[in-house]
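K.L.:
Below: sequence and its predicted model.
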Amino acid sequence: MSSIFLSASVPDIESPFYKKCDPVLIQAALRSFLFSVLGRKHLVFGGHPSISPLILAACEDLGIENQNAVTIFQSKHFSKSFPEDNLQFANFIATPVGENLQASLDIMRNQMFSTYHYDGAVFIGGKEGIVTEYELFKQQCPLATVLALKSPGGAAAEIKGLAENEDDELLDYVGLFSSGLGLSHKHERQPTAPKFRINDDLKGI
């Protein structure tokens, strides 16, 4: 089972991207993505308070044990404020602290993209960091499929150079993820996915 990277968030109200997004559509797209992917692909994402609880709830709803089906990364830069939801993931990887916030995020992102083999990545909503992750992902995983949704807005809608998705405009998110990521509802879910090798020094906090 190969991996899919998810970069997504609902921008906070202070962000200029908040006025450029539809939080309801971001949530709808995320739920459709999780329904399509969980148990069929290994999901990797960076922890975020607007996303982590959704993924936990989706695993429970679908009867998928999050251990090995999902891997969450978070920089130790945020160790004093790790959301409790993060600690409910069996595969929670805390990455080393850099000289500053940006350096810490760079370390985390480089480890996220170099640790696994990715079939694809999906970008939904978000702020400036989502564009940074897109550019780095394309550099490190040039053969992987990339989907950046336009209709929910946010920074993902401003990513350039990708083909327009008709299913996105029609709000057929399940159809978009099924066709774009090569998934079918006929593919059975694995309640517990095969284990993935990760460096022991990346585990825990």
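P.N.:
Cool, the structure landed. Numbering: from 1, shown residues only.
K.L.:
Run through this structure and note the low-pLDDT ranges.
P.N.:
1, 186, 191-205 (pLDDT under 70).
K.L.:
Helices of that one, start to end?
P.N.:
Assignment of helices within the chain using DSSP state H yields the ranges 23-37, 52-62, 101-115, 128-140, 166-169, 173-180.
K.L.:
and the ones you listed as CSV, adding distance to P16 and mean neighbour count?
P.N.:
(Glycine included, C-beta is placed from N, CA and C.) Below are the helices of the chain laid out as CSV (distance: least, CB to CB, whole Å; neighbours: other CB atoms under 10 Å):
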stretch, distance to P16, mean neighbour count
helix 23-37, 15, 20
helix 52-62, 24, 17
helix 101-115, 19, 17
helix 128-140, 9, 17
helix 166-169, 22, 15
helix 173-180, 25, 20
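K.L.:
for these, which one sits closest to S7?
P.N.:
helix 128-140 (4.6 Å; CB to CB).
K.L.:
Contacts for that closest one next, please.
P.N.:
Applying CB atoms under 8 Å, 6 or more residues apart in numbering, the contact partners of helix 128-140 are 5, 7-9, 17, 46, 105, 109-110, 113-114, 118, 121, 123, 144, 146, 148, 154-156, 158-159.
K.L.:
Could I have the buried ones of these as PyMOL selection syntax?
P.N.:
The PyMOL selection below is limited to those of these classed as buried (16 or more other CB atoms under 10 Å):
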select buried, resi 5+7+8+9+17+46+105+109+113+118+121+123+144+146+148+154+155+156+159
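K.L.:
Sort out for me which of the contacts of helix 128-140 are in strands.
P.N.:
By the criterion of DSSP state E, membership of these in strands covers 5, 7-9, 46, 118, 121, 123, 146, 148.
K.L.:
what's the most distant pair in those residues?
P.N.:
The widest separation within those (CB to CB) is 19.4 Å, between S9 and Y118.
K.L.:
Tell me the one among the ones in strands among the contacts of helix 128-140 nearest to Q88.
P.N.:
Using CB to CB, G46 is the member of the ones in strands among the contacts of helix 128-140 that lies nearest Q88, at 15.9 Å.
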